[in-house]
Structure formats: C-alpha cells, structure tokens
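1. dropping a prediction and its sequence here:
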There are 6 protein chains.
Amino acid sequence: MGQPMADYVKLPQLDEYKEWFASFADLYREDGILQVTWKTNDGVMHHSGMSHRAMSQLTRVLSLDYKNEIIIYTHIGDNWMIESDPNGWETYSQLPTQRFQHQYFDDTNLIKNMIFDLDVPTIGAIPGSGFHWDSAMLCDVTICTEDTVMEVPHAQGGLVPGDGMGLMAQHYFGTKRGNYYMMTTRQFTAKDMLDFGMVSEVVPKGKAVERAWEIAKMWKKMSYENRTIMSDLAKRPLQKLLVQDLKLHTVSEQYGSLLSIAGGTLGDEHSGQQDEKYISRVNDWRYATNDMQKPQNAESWVGMPKKAAEWFKDLEENGEPNPFAVADVKPYRPGK
Amino acid sequence: MGQPMADYVKLPQLDEYKEWFASFADLYREDGILQVTWKTNDGVMHHSGMSHRAMSQLTRVLSLDYKNEIIIYTHIGDNWMIESDPNGWETYSQLPTQRFQHQYFDDTNLIKNMIFDLDVPTIGAIPGSGFHWDSAMLCDVTICTEDTVMEVPHAQGGLVPGDGMGLMAQHYFGTKRGNYYMMTTRQFTAKDMLDFGMVSEVVPKGKAVERAWEIAKMWKKMSYENRTIMSDLAKRPLQKLLVQDLKLHTVSEQYGSLLSIAGGTLGDEHSGQQDEKYISRVNDWRYATNDMQKPQNAESWVGMPKKAAEWFKDLEENGEPNPFAVADVKPYRPGK
Amino acid sequence: MGQPMADYVKLPQLDEYKEWFASFADLYREDGILQVTWKTNDGVMHHSGMSHRAMSQLTRVLSLDYKNEIIIYTHIGDNWMIESDPNGWETYSQLPTQRFQHQYFDDTNLIKNMIFDLDVPTIGAIPGSGFHWDSAMLCDVTICTEDTVMEVPHAQGGLVPGDGMGLMAQHYFGTKRGNYYMMTTRQFTAKDMLDFGMVSEVVPKGKAVERAWEIAKMWKKMSYENRTIMSDLAKRPLQKLLVQDLKLHTVSEQYGSLLSIAGGTLGDEHSGQQDEKYISRVNDWRYATNDMQKPQNAESWVGMPKKAAEWFKDLEENGEPNPFAVADVKPYRPGK
Amino acid sequence: MGQPMADYVKLPQLDEYKEWFASFADLYREDGILQVTWKTNDGVMHHSGMSHRAMSQLTRVLSLDYKNEIIIYTHIGDNWMIESDPNGWETYSQLPTQRFQHQYFDDTNLIKNMIFDLDVPTIGAIPGSGFHWDSAMLCDVTICTEDTVMEVPHAQGGLVPGDGMGLMAQHYFGTKRGNYYMMTTRQFTAKDMLDFGMVSEVVPKGKAVERAWEIAKMWKKMSYENRTIMSDLAKRPLQKLLVQDLKLHTVSEQYGSLLSIAGGTLGDEHSGQQDEKYISRVNDWRYATNDMQKPQNAESWVGMPKKAAEWFKDLEENGEPNPFAVADVKPYRPGK
Amino acid sequence: MGQPMADYVKLPQLDEYKEWFASFADLYREDGILQVTWKTNDGVMHHSGMSHRAMSQLTRVLSLDYKNEIIIYTHIGDNWMIESDPNGWETYSQLPTQRFQHQYFDDTNLIKNMIFDLDVPTIGAIPGSGFHWDSAMLCDVTICTEDTVMEVPHAQGGLVPGDGMGLMAQHYFGTKRGNYYMMTTRQFTAKDMLDFGMVSEVVPKGKAVERAWEIAKMWKKMSYENRTIMSDLAKRPLQKLLVQDLKLHTVSEQYGSLLSIAGGTLGDEHSGQQDEKYISRVNDWRYATNDMQKPQNAESWVGMPKKAAEWFKDLEENGEPNPFAVADVKPYRPGK
Amino acid sequence: MGQPMADYVKLPQLDEYKEWFASFADLYREDGILQVTWKTNDGVMHHSGMSHRAMSQLTRVLSLDYKNEIIIYTHIGDNWMIESDPNGWETYSQLPTQRFQHQYFDDTNLIKNMIFDLDVPTIGAIPGSGFHWDSAMLCDVTICTEDTVMEVPHAQGGLVPGDGMGLMAQHYFGTKRGNYYMMTTRQFTAKDMLDFGMVSEVVPKGKAVERAWEIAKMWKKMSYENRTIMSDLAKRPLQKLLVQDLKLHTVSEQYGSLLSIAGGTLGDEHSGQQDEKYISRVNDWRYATNDMQKPQNAESWVGMPKKAAEWFKDLEENGEPNPFAVADVKPYRPGK
C-alpha cells in the first residue's frame, strides 16, 4: 500500500504539555499510568481563578493523548486542596466577560471534562481533608485516608451550592441525604463517605496514592481495549446525570451571585454572604476542628469567621505555622 | 416614571387564607418562616376526603404568597397522622365524578404540589409514628423523632401501593429495598429511615419541630434569593422522578380499586381487600405494637384486623382512651 | 352515615376571583367552559411586570376550581399581545428581591403552571399576531387566524431567548428548525406554524375564538372524566420537556441579563442590547410590516429601531392612531 | 470436544405454531422473510377479544424463532382492519379478572411486544384504510396505499385515546399535531401520513405488500447480523418512548372506562360514551365517506351513529354487500 | 350472545412446556405460584450456551401463560450456579451467526425478559453462593442465605463486565460503590448485599425457598389484579434503567471480546484475558475460599488460576469430590 | 492587590495550532469568527483514518481557545467531502489497538465533541453534496446550496448505520422518516432537508459560506455572553440525545464489522458487505447521478459498484477528470 496523502496530526506530547501546566500539576507517567498531582508551584495547591481554569484545561489536554491509558488524580502533601490564593481572584471579578468565562465555562468544564472527555479508567487518591473534591470524586474509583473529612460548604458562605458538589452529594448519597449535607454544610467523615457511597476504599494515612497505583497496575492486567470500555460503562451514570442537571446547577449558583453583585448586597469578606473567591477563608479552621461534623445551626454558621480568626491568632501567637499551607512537598512516586 | 396602567393583582393574604383552612391546618408565620401544623379541628388530624383535598389545596395557595419564604410541615401532637374520620369518605365513594376528583386530582396533587408548586425551602418535622407521610418526606430536609415507625401499608389492605409512598420508598431506599418494604408492608424505624436515606436527622421525642425552626433560622442567614435557588436544586431529583412516574402510580392504584368495585369484589371493612377509605382502621394497633417491624407473612397480614379489634377491646375494658386520637392539643410555637 | 368531622375547605369561587384579576383578564364561564381573555383594563393587554405575574397567578387560581372543566385562552381584540406598558417595569428593575421574584418565579411559572397545574383540556385561540404567545401555544389545541405572524424576538434585542418561547420552538418545530428561528428571530407565518406543527388549525380572521368554543362543545360530548384524562395524556410530552429544560432556559436568560447589568453594559432603550422590559418597543412596527419574515442579517437587526421610529413618525404625521394599541374592545361571547 | 451435558431446548417450529394462530393470521416464510397476514378465518380480520390477544401472543412467539429474520405485517384483502366480531367481546366484559387480563396485559403487549420482543427488521404493509394500525405503524418501515385514511377514533366514542395510537400520533406527528388529531378524531390521509412522518412510502392501490417484499429482499443483501443490529437502532426511539409512557396511556384509558362502568354511566351501543368493544360500529361508514377528514365538531361527533345507520340501510335496500366485510380473500404471495 | 367467529389461540400449557425445558429447569406450580428451579439434568446447573439460551426462552414462554400468577426463581441444591459445562460453548464460538445469536440476543434477553416480559410478582431465592445471579436479583424481592457471597467477575478474566451484572451493581449499590465492585471484582457478602440494597432479606442456610413461598402465599391474600399491578410498579425503575443502558452494556462486552478474537490476542484458558466461555474456571475455588472478599490487586488477579489449580489438586489427592458439582439433588417442594 | 502565585496556563494560540492541522483544515479568524475549511493538503478532503481523527481533535483544540467566539464549519470547493484516500485506512485495519482507537474514540468523538466541547455558536456551511456531513449538521444553524443531496449510505455497503448519521436522521427527520432513509439509503435533496428539518436555509450555489458569515456577523451584534449562552440552549436537545444513544450507535456499528472480520466474511472491495474504509468507493457516481434519490431495491443496491465502475470508465475514455477530486482550490474569505 502506498503512503496516505497526509499523516496524522502531530499533537504536543507529554514532555511538552507537562511544562504548560507545571505551575499547577505535576505529571508523571509510567507504563501508561499517568499520575496528576495538583499543586501550586512547589507547595500545596492554592485555589485561584488560574488553578481553577487549569484543572479543566488539563483534563481536556490529557484526553488528546492516547498514551494516557489510566489516570490517577491526587493532591500534593497530606491533604486535598485547603488553601486559597488571596491574589488569585482578580480577573474573576471583572464583569462581564472575564467573570463569565470563569463561571460559565470553567465552573462547568471542571466537572464535565472529567466525565465526557476522558475515555479511560480514572482513580481519585485523596490524601486527606479538603474542598473542591470534584476531580477525585468524579473518578471511577476513589480512595481516601481515614482522617479525611469533607463538606459542601457554599450555604454557610451564603452561596448557592451549584458547582457540582451538591449534585454529587445528591447522586452518591441519595436525594434526601445529599440535600441535607448540601443545605446544612455539615461535614462527612471518611467512614460516612464509605457508608454513603462516595468513596470506594478508606486506607491508612499516607497510603491513598500507593493504593491507587496498586489498582492501576491491576487494571494493566486487562487488555487496553477492555479496560477502556469498562471505564466508559463506569462513567455512564454520571454522563446521564451531568447532561441533565450540571448546567442548571452551575448557572443557578452564578445567577444567585450576580443578583447580589448587581444589587450591591454582596458583602465584604467578613460577611456571611460571600462570593466564591472568599469562601475558602475559613477552610483551615474547619479542617483543624471537628465543629462542622455536628448538626449545624445559625450560631455555628455565623460564628465561623470569628472562630477561624481566633484559631489563626492562636497559631501566630504560638509561632506555629499554618499546618495546611505547606510548601516544598514532593509528589508521590510509585516504588520501583 | 408614571404609574403602571394596572397594579399587581391583590391576592388573599395569610390572615385571610389561614381561615379557609382552619379546620385542617394551623398556620403560623414568623420572620418569613411558615409553620403548617396538620390537625382536624382542635385535635389530631383525622384522615378524610376533606383533609386529603385540603392538603393539596393548601400547598397551592401557600405557593401564591411570596411572603412564605421557608415552610415547615408538621403534625399536631405526639405523632404524625394515625386516625381516620369514619364519616369522612362518603363523597369519595360517589361514582363517577366525585370519586374521580378525589382520586385523579387530589391523590396526585397532594404529592405533586409539594415539589412543583413550592419554590422555597421546606422542612418536614415528624413528631412520631403515622401514615400518609408524604408532606413530611417530600420536604427538602426531614426530621423525625427516635420513636417514629412508618410503613407503606396498602398491600396488607389489598390495595396497590400507588399513592406515592411506594414511589418514595423506591427512590429514597433504592429500588430493591423500596420494593421490599412496599410489597411486604414491613415497618421501618427511625434508625432505618436515617440509614436508608429517608430522613435527615433523628432527634429526641418532642424535639422535631424545634430542630426544624433551628434549621429554618439558619437558612435565614443566607440571602432570600440564594436560599430559594438552593431549594430548587434540592427539589430537582424529585421533579424528574414525579413527572416520569407519579401519575402512573396513582392511576394504577385507582384502576385496581375500580376493578374490584366494578366487579363487586371489594370487600367490607373486615376483609383483606380494602379500599383506601377503610385502610386506616388497623393503624392504631400497628403503631401501638411492633408486630409490623418483623418480616411479614400471610398470617400476620390476615390476623391484623383481629389483633387490632382485640387491642381496642382491651383498651375499652381497661377504660383507657385511644392514645392516638387526641383532641385539645396545641401547635408548637418557636421560643422567643 | 354521620357528618364528617370537618367539611371541605371553601375556596373563593369564580364570582370572587374574577374580580381579583379584572385588570388583566375577562373571565366568562358557560357550561363548564371558561374563556380567559387577556387585556389591560378595557383595552388590549399591555405587557408589564404586573400583567406578567397575573398570568401565572390566574392559571394557578383557576386550577383550584374544579368547575373549570375546559379552558380557552385568548386575547382581546384583533391580535395577540403587542403593546407594552412603559411604566410597567419599575419593580422589575429593583435588585435583588423584586427582580428575582419576577425572573425566577414569574418567568418560569407563566409556562410551568399551564402544564403542571391545569388538569383539564385547554384551547388557545389566537386572534392575530403578537408576542408572549406561551399561554396560547401551551394549550392542548391551538387555533390561529390566517394573518397571524409570530417570532422568538429576544436575540435581536440582545437577550438570551430563554423564556420558554425558544424551548417551544425547538419542541414544536424540531431542533434544527427551532434553533434557526430562535437564533435569527425570523418571523413564522400562520402557514409555517401549521406546517411545522405549532398550531392545530388556521381559520379566517375573526373566527379563532368561535372555533375554540366549537371544539370545547364537542369535548363536552365526552364524559367529564374521560375528557380530563385525555387532556393529561396530551400534556405529558410537555411535562417531560419542561421538567428537564425549562428552568435552565429561564435562569440562563436571567443570568445573561444580570451579567450586563452588573457589568454596566446594559444599554439604554435605543441600543441593540436590551433587557426584557424594553424589548417590546419595536413590536408594532414588526407586525405592521413583513420585514422580519425574510432571513435576517446584521443590518436588519440593527436597523429595526430606526425603521420602527420612522413608522411611528409617519403614523403621527398622518394623524393615524397606532392600530395595535386599541382600547374599548369587547371580549368574545359564544352565540346562543 | 465432547457432547454438551444437555442440548438446546427444542421449541415449536413454524409448521407447528402457524397452526396455533391459523384463525387469526396466515404465516408464510420464504428465505427468512416471514409475512404475517392478519385475518379471521378465511376473511378479513374482525376485531374481537380473541384476535386482540392473538396479536400480542403471535409477536412473542415469533420472537422465539431465530429463523424469522425479517417480518412483514399486513392485513388480508384491500384494507386494514375495519370490521368487528359482534360476539367477540363477551369475556372482555367479565369483571374483574378477564377484563383485567384483556386490558392490563393484552392492550399493552400488543404495542410493547412489537418493539421489545422483536430483534429483527419489520415492515408494515397497509393495503388500505382501517383502525388498530399499531402492528403496521410500529414497524421499522411502513408502506401504505394512496387511498388509505386513518384516525385515532376513541374520543368520538367517548373513550380516552390511551391504547397507544394517540401516543404514536404524538411521536410521529409531533406533540401539537398529534394531540390535535388524537383529541378531535379527524382523519389523516396517506399524503398527511407521509408529510407528517407516520408512513415511509405511499404506493398505488394493491402494491403495498409487493413493495414490502422488495425492501425485505434488499435487506437480505446485508449480512444477517448487520441487518439485525440496524433494526435495533431503528427501534430505540420507540423503546425509550414506550417505557416512559405506554403503561400510563393504557391504564389511563382503562381507568376511565371503569369509572363509567362502576358508575353505571356507560351507555348502550348507541350512546356517545362507548367502551372499546362498541367503538368499531361506525367504522364502515367512516371509511366509506370522507366526513371525518374535515375538522370535527359536536354535530359531526353526535351524528355519526345515525349517518352510519343510514348508510347501512341504503346498502341493504340496494342489496349491496358491505364492501369491507369480505370473506374468501387470499393472502399475498411474493412472485417467484 | 352468539359464538365468537374464532376462539382464543390455544397455547401450550405447563404440562407441555415444562417438558421442553426439562434439561435446565424444574417447573412446579401450586395455587398459581410457579417455582422455577435451575439445574442441568439431575444435578446443579452447568453454565453452557444451551442453559444460557434456555433461561431467556423460559421466561418468555412463562409470560404467555396467564396461569403463572407469581414466579419464584431458585437454583437446585445448596448454591446458585457455580459450575460450567466444558463442552457447552462450542456453538458460542462459531462466527459470525451463532456467536452473534448467543451474544446479541441471549445475553440481552436473559436480563430484559425478566423485566419486560413478566407482568407478575417475582421472588428470587438464593440458596448460596454463585454467579450469573441475574434471574435472582432482577426479581421484585430477593432472599439469600447467610453464607452467600457473589461478585462481578469479568474484569479478573479480562472481560468487559457488560452482561448486566455490572449495571445492576451500579443500580443497587449506587454508582460509586457499584463501579468499585464491578471494576475490582471484589466479592460482596450476604450482609453487604443487604446493607447495600441488593437483597431483601437474609435467612439461615436452607431457608431461602421456604421464605420465598411464605411471601408468595402472603401475596395470594391480595386480589390477583392488585398484586399484579403492584409488581408492575416494582419493575418500573429497572424498566427505565434497562431500556437506557442494557444494550450498550452487552454490546460493549461483545465488542471487546471480538477485538481480541479478530486480533488473535484472546488467550488460552490459562491467560488473564479470557472469553466468557472460560471465565467460570476459577469459580469453585473462589467460592471455597474468602480471598476475593478482600481488596484485590494485580497479584490476586494473576494468581487466581494457579491457586484454583492447586485447590483442585488437593481435592483430588485427598479423594474428595468437588463440593459444588453435585448431581442427584432434588428441587424444593413447599410443605403442605 | 498583589500578584497571583501562578499565572494562567499559556496554551498554544491559533497561529500555532493552525499549523498542527494544516493538512486537513484551513483556519481563518476575523473578529472572533473562526472559519474551519476541511481539505486535504491543497485539494478537497479525502476521507482517511488521519482526516477522521483530525476532525475530532481539531474541535477539542478549538474549544480550549476562548478567542474562538463563533465557528463556521465548511468544506473547500464546490461540495462537501466525497473522495477517499485509498492509502488512508491502513492503520484502521490493525487489530486490536489501532482499529479500536479509530472506532471507539474517533468515531464517537467526531460527533460528541461538536456538541459537548464547543460552548459557542456554530454554523455549518455546505457548498454541495457529500457524505460524513456530521460537522455541518451538528452546528446550531446549517446552510446548504440548492444542488446538495446527501444520504446515510452504510446499509448499501453492508454496514450498520451507527456512526451518528442515522441517529441524526432519526432526530431531525422524525423516527419513522429517519429510519426509512437510514435503512434504505435513499438520498434526500436540499428541499427535503429543509422540509424535514435538517438544514436551516437553502441558498444558491456558491453562497453557503457567504451566508454563514452574514449570520455570524449578525450574532456579533449580541453581547459575547448572551450569544454564547444562547448557543448552549441550542445544543441542549442534542446533548440529551447523544448521551443517551450515541455510544450505542457507534459500538453497534463496530461490533457488526468485527463479527464479519472475525468470521472471515468481510468481503473484498467489490462485495456488498464492506467495511467503512471501502464505503466511499461509489461516492463519485452517486453524486453524479440521481439514481439514489429514488426508492431503492435489491437491484439498485447490488448494481451500484458496476454502475460506478462504468461511470468512471466513461470519464477516462472521454479524457475527463473526476469532477469531485479537485486539487488547487482556495478556501472562502469573507469580503471586506
């Protein structure tokens, strides 16, 4: 047979595109298994408009490379994302276009691309507590450590819980239980998540990524084709759910926020009514205590900023560093 | 700007419409939070064609008043509805039109209006055992007391469990578990309902409405707009379910009953095959004992009317009042 | 049998509630057939925040009265709604609460209540051209006159066509054709609507309501029960569509408008980018000419306000009244 | 390799099961193409409880024989089914069990089995006008002759149009147009059906089955496997529709009829309110005239029995046979 | 009234069709309750192309007999199906037609017919561990014994888990938990199945069928009609799921297998990559040990054939019979 | 405010990625409107495994660039794609992995990415006849020229029509009409496509892209945000359809082809049973004649290769070039 008139398109390879995302993710591939480790520069990931967008972009770019046969999503260090970049939300506020692109595209694609772009098995490896847990929970299989606690935090901050976390809570926990955790912001523990069907296995501290690699290597015993087809069947329930409901959720949250902005009632960062860019302020405190694991009420919601402030002050006075804002951590590498 | 050509329609306000429903519900509103307390006159609610219709009508009327920002549904006294008005079903039997309006409109609207008419957050506060638990379970969040037991009772009475309770059992419990409880009429306890995902929190006896107000007041910390949008997202899974299946359920039950009526095989009130208007007869007994919490069989089903009769006789002989048919109870009022 | 413990709730009857809505609708009932004639005071209906809300409220109130066995929706005079009340949108602009209630509740309920609240057969009788044709097109059967032209006008005014008209265009016309008419604002004629499946019959000018009564009286030959059940089956395809998509449509439009408002880019009434309250400005012109029946382009969109202004000026200079803004018209009454 | 422990089940073959159905269908198979010709004994099919049940049973039995590779459904003689067996509805009336089995099983299965049991390509060949056109219209491809007219006749007879014909009208014609024809019983012609998307090709009188064989033989050029898979994709839109809605339609019709029976308002055969067993009375007249092709009204509905009676009387007085109740017709055989 | 023109079709009765299926199922009916006991000849059922097809055919044939009012599905002996007929897959391998009929028809119909053909209540009675548990789990109510363990085994054998077991795991267990068990082949115990919602009751060893009869007799206290309608409501969630997803699952598995066959990479019976006809090889071992109840990894997957071989060798050397391949067992009969 | 910790990811810009795709598409952007012109090197596009993959990749890459505000898809020259690269299918045949990636990823993504990746308005501009018309028909608005004819050609070539064209025919044409054209391969003309709802406007030869730019420029009069949201609403019906059915369609076609390959029955290029890589052989002939616009039969299907061969021979003997395989054509540029 002769030559085709034109050869396959040469798309950028891992060596090239890993550099594009170097500020936000460490990419490591071995035997077709790609480990994505979220981070900001050399430390834990700090939530920002930039990292937010990078998450949806990376998934789409990964989907173009057929050499990524199995993907593990994890977060650097001992926890999932907890910190926020205080200077990372400027462009998010610029109306109308930049805010729109953040809200209408990034908010949705962050979720959607995990399920509609990726055609291969995925594993979420959660090393500890944190928020914006979508890229872990949307995986086919999800591992978390025993100490992990999580929540759908929006309502406490005055926001509509429409970024996909509430939708996942409804789907994984069941409608009634999902609505409860979504509407009251109560935290759920690792045991809750296993019992309620949001994670697949709970492992000892420090073992989540290791177990993810163990499962990935197990899947390598199947043929590439059958393992891939299996993952498509695994994603189908979420494909159906997301196409029905995701856009309504994200637009609903954004509409609610804009009502406040246009009405001039969006409070400053100390108020209960907060936009997404402020919502991570009380995160450190909420993962350092277990107050949010109890049923919540008006007092617990309102008192949170003050309690968080006091907790920070104590840290400072004691000369202790914030245990969650860690730099100089290294991504996991599978043992040779 | 000048005057509009015509002003907003003036619809009846709370003070007016609360009187319309005074026989069946106590309506109390404070700071936008409306508490609906089901009752009949001054005592516990007695199931009747009249109360049945009033439930669907009230929800629709409440939805027309934007001042109802959050709604709590509860039942007066220590239990959910258990009693039946023996003279309350006459019009239900009149064929074809009156029975049709009861069955085709009221049966469906009782369920549907909770989810399609109400655009605001809802809380069900269950003070204890009872049946026709739809207006509590269809709320976004549902609180029950530790002693609460409930069931889908139709099959024991020979009826198709199509009034929406079976559908909710399938949805909240999962298909297999829901079908089991629906098809065998076994009771589920407060703990079961929490574990299986039908209630949100279980609280000590006497504390259900109090906790409901606590949650309502917590939500008042969110903006009116965002709290409202959040409740719409909470209702969406049921919106999808009900539009697909509810009408099939209710018409199926009604069709089954009419087959018996037209065929002349609908038994008297002592037979196993009973129409809805007789089905609440054994209710007192079933909430006074724990026989229905065990797996059921032909003997337990058939023996129920006799056991209930004996239980009533004992009460009478001992000069004890029926503990469930209480008059002169007061609706809960939130503490100031 | 004895007396029920409490009688049916006494809800307001037609004589009472027709007065509530007297500014916006003439209500006439004969033999169970209710004719709703939209209007403002004694003339054609002028679009306003008040009339907008009244439409959704009236449908809900009508649904509570089982004596409304068949409902005809029409508009007073020779056309469907064309005019706008220039002073009728003040409250619509008040952020956040009043605008929210208009947008989030009224915009959705206007559509939803026609399909979810009404359990009886409905007929839309369109006497001529106009916009906000939802209450006619959502009926089980729709009659229009030969001269009727309509469109989905939002895009020309810079708005997202999310108020339900675009959704109906997709559903009745098919996806591709519906999108085309929705995205280009091209008008469709009576013949188009018949061929594409949006109306049921096209009748000579002046005969739409008469034919609606003819059909209503035909249905009276069926039993009340079967006629009612038939109408529920007729509404089911729209029930499924609306629960899936309507809220996404309405929130999407509202989100888009708020982006402009919050961003300060919402133009004045002469700009292309208009909010709903200005969009009806060019209506008279567009029903007086056939320019919008042709394929549209940038020039035709941009030139519309100027052409409309010239047309108005001509009218004025010729001392002719606006043929669409008619007062002192009488609602149709069926011949005896 | 050795022998299997037990061989395939030996199910009855065509030679055997064609005898089971000999009263209602002629079965002829050539090269894997099975032609089903509906009939009663040696003449045109007469609608009866027996033929009604046979239709659903035959489809299920055919599905068990993998030798039926392509199936053509047609009706003997020059028309589709028009006649009714006046003695064929006795068991249909026996309450509750026999009527239930007819209504709940047969009514649904007649439709459902065409789409869920058959895994092979199907062709409907309509030789002329008639009712109960489900087994022709549910085929993957449907051919009718130029003179064919059809309708959804229930409403004129006072019944809920829930037997699947109305559902198909909604699906094939679009919601608005389907509802119109379903709710007004107006007839649609061959040209209408082609334009509105209910038939695939319109052919000259006498050519429908011939064209069906031509298409079947064309498909034989494809591999058995691919032709079969293609037919499954063709059936999928109806699989989705039927599982969502069919049962609601059939139960709704049956519920409506039972309301009348239980209420004692089901009239005699001359009344407007008729049960299914009487509804075919006016069939001959309606296919002999074109009165029903016009928009219908109360007079046309009510006058039908009388007009039909007069038409019959004329026939009798003129000594002419009923042109539709033909015996001694032969099923089509493909030319060699 | 006279005689109908033609009587009901006489379909084969139980006495006749039980003989057709005598190699694969014992059929016993008492008072309308039919017990289907899977078997091969006089011993436990051995998985084969023949038994596979017989399962789907039997359900379809049973559905044609209205005398089967309630159906119990069980397996002979102390376990569900574990064994495979080594000579039972020859025809499965014949390409393209025979393999196609096995895969495209039988694989799907085995599942589909349980839900779409049967219109009556069904009970699965599981006497102990085993695979291909579809006909038990698809029943309205499912009973298993305390020692039962099950799994979705395909992935360990290199196959796509698309035969319906994975789909049921997703539906009954929830998406996340179902995917985990489907993708890792970990076994679930009787307690897991009760807690996760896959079985209805867990009973002592030897009591599953007895309890099934107890429930069946309980349902006989309801009217035939209402019990039947109730079972239709019970099946509806699976009807919706299967029509959406089942065909995609089965075709996906089959496509994956054919890729290996066409590519010549389908290994021999000792390889990880196995076609369905070899997959039951390691079954005995996996039900004799509890290795698969633990989280799985590459080693556990790869080591299975060797461990199974050693276990068999031990049996042989000890002169012990395979405890699962039992002949001369008797089907259960209800006590009188 | 300070600097964010890390800036946005810098993804490749148009100048860079247009070079990646230079063999298959000309990319031209002006004022945010991107025109994609399919081609192979400097001539018309030749269908190949390479161009097939490039189509899905390009759409995904375009979606990552927010500067692409509106996208026009067209084909170079006077027609849509007609030609095939005879050497372009080698890798497609390599089993299992390469064929799998072509079939399972590319076949699906070609369709899916148009609807799920693109968040902006799209216009298909069809300059004339051709196949693989997905990227034109999946656009929000589609323009074709008066001479355009198209078809779903698979069945004639012996393939399952599962690549998405058949699905679109069902959706745009309606189920019955879509199945007919899909199952008989009859061609549909420009007028058919307009009447049946597959294209939006039909324009004179040579004017399709010009009209597409006219519409794009019209949309530029709307704000970027609202125009984008509108396009999401336009895509929603296809989002729902594709997530339900697309994967089943594509896997079904691929499964059917593999059955033939594994069974050794896939014929050579002259046989009726052809794999996708041969199917375009008769394309030139079928667009040069109008034979396929008539109802098809076995003879027309079988005779096609011979007729095509004769047509080619005539061309050669007359020394005429193939009018469809044009090189040296220039992409359209909008007039300034």
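-> The structure has been received and is ready for your questions. Residues are numbered from 1 along each chain as shown, chains lettered A, B, ... in the order given.
2. quick one: low-confidence parts of chain A?
-> When residues are selected by pLDDT under 70, those of chain A lie in A:1, A:266-274, A:276-281, A:336.
3. pull up the distance across stretch A:103-120, start to finish.
-> With C-alpha to C-alpha, to the nearest Å applied, stretch A:103-120 spans 27 Å between its terminal residues.
4. so does that stretch get close to chain F?
-> Yes: using C-beta under 8 Å from any C-beta of the partner chain, stretch A:103-120 reaches chain F at A:104-105, A:112, A:116-117, A:119. C-betas here are computed from N, CA, C, even on glycine.
5. find the closest residue to chain D in the stretch 1-150 of chain A.
-> residue A:116 (20.8 Å; C-beta to the nearest C-beta).
6. go on, the stretch 201-336 of chain A?
-> residue A:240 (12.6 Å).
7. that residue is in contact with residue F:244, isn't it?
-> Yes: taking C-beta atoms under 8 Å as the contact criterion, residue A:240 and residue F:244 are neighbours in contact, 7.5 Å apart.
8. one step back: can I get the buried part of the residues of stretch A:103-120 next to chain F as one ChimeraX selection?
-> A single ChimeraX command selects the buried members of the residues of stretch A:103-120 next to chain F (16 or more other C-beta atoms under 10 Å in any protein chain shown):
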select /A:104,105,112,116,117,119
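9. of the residues of stretch A:103-120 next to chain F, closest to chain E?
-> With C-beta to the nearest C-beta as the yardstick, the closest approach to chain E among those comes from residue A:119, at 12.4 Å.
10. how about the residues of the stretch 201-336 of chain A near chain C?
-> A:244, A:247-248, A:251-252, A:254-255, A:258-265.
11. could you redo the last one with a cut-off of 10 Å?
-> With the criterion set to C-beta under 10 Å from any C-beta of the partner chain, the stretch 201-336 of chain A comes near chain C through A:243-266.
12. show me the contacts for residue A:161.
-> Contacts of residue A:161 were listed using C-beta atoms under 10 Å, 6 or more residues apart in numbering or on different chains, and they are A:151-155, A:167, A:169, A:179, A:181-183, A:185, A:249, A:252-253, B:226, B:229-230, B:233-234.
13. circling back: filter the residues of the stretch 201-336 of chain A next to chain C to the buried ones?
-> Neighbour counting by 16+ other C-beta under 10 Å classes A:243-263, A:265-266 among those as buried.
14. which stretches of chain A form strands?
-> Residue ranges of the strands in chain A, as given by DSSP state E, are A:25-30, A:33-38, A:46-47, A:70-75, A:83-84, A:122-126, A:141-145, A:149-150, A:188-189, A:201-203.
15. do you know which of the ones you listed lies nearest residue F:93?
-> Proximity to residue F:93 (C-beta to C-beta) singles out strand A:70-75 among these, at 26.3 Å.
16. grab the nearest non-local neighbour of the residue of the stretch 201-336 of chain A closest to chain D.
-> Excluding the flanking residues, the one nearest residue A:240 by C-beta to C-beta, 6 or more residues apart in numbering or on different chains is residue F:243, at 6.1 Å.
17. show the contacting residues for the one you found.
-> With the criterion set at C-beta under 10 Å, 6+ apart, residue F:243 makes contact with A:115-116, A:236, A:239-244, E:244, F:112, F:115-116.
18. switch the cut-off to 7 Å
-> Contact analysis of residue F:243 by C-beta atoms under 7 Å, 6 or more residues apart in numbering or on different chains lists A:239-240, A:243.
19. show me where the stretch 151-300 of chain A has helices.
-> Shown for the stretch 151-300 of chain A, the helices assigned by DSSP state H, counting those that start in this stretch span residues A:165-173, A:175-184, A:190-196, A:208-219, A:224-263, A:283-288, A:298-317.
20. so which of those comes closest to residue E:91?
-> Nearest to residue E:91, of all the helices of the stretch 151-300 of chain A, is helix A:224-263, at 23.3 Å by C-beta to C-beta.
21. gap between that closest one and the chain center?
-> Relative to the mean C-alpha coordinate of its chain, helix A:224-263 is positioned 13 Å out (C-alpha atoms, centre = their mean, to the nearest Å).
22. and the contacts of stretch A:289-302?
-> A:149, A:151, A:156, A:184-187, A:189, A:272, A:286, B:201, B:214, B:217-218, B:221.
23. give me the number of residues near residue A:236?
-> 21 (other C-beta atoms under 10 Å in any protein chain shown).
24. and the one 5 residues further on, by the same measure?
-> Close neighbours of residue A:241, defined as other C-beta under 10 Å, add up to 18.
25. so how far is chain F from it?
-> 10 Å (C-beta to the nearest C-beta, to the nearest Å).
26. got the contact list for that residue?
-> Remark: with contacts taken as C-beta under 7 Å, 6+ apart, residue A:241 is in contact with residue A:171.
27. would you mind listing what in chain A touches chain B?
-> Neighbours of chain B within chain A, by C-beta under 7 Å from any C-beta of the partner chain: A:155, A:158-162, A:166, A:170, A:174-177, A:179-180, A:183-184, A:245, A:249, A:252, A:256, A:259-260, A:265, A:272-273, A:295-298, A:301-302.
28. mind checking which of the residues you listed are buried?
-> The buried subset of the residues of chain A next to chain B (16+ other C-beta under 10 Å) comprises A:155, A:158-162, A:166, A:170, A:174-177, A:179-180, A:183-184, A:245, A:249, A:252, A:256, A:259-260, A:265, A:272-273, A:295-298, A:301.
29. ok, back up a step: nearest to chain C among the contacts of residue F:243?
-> For the contacts of residue F:243, with chain C as the reference and C-beta to the nearest C-beta as the criterion, the closest is residue A:243, at 10.0 Å.
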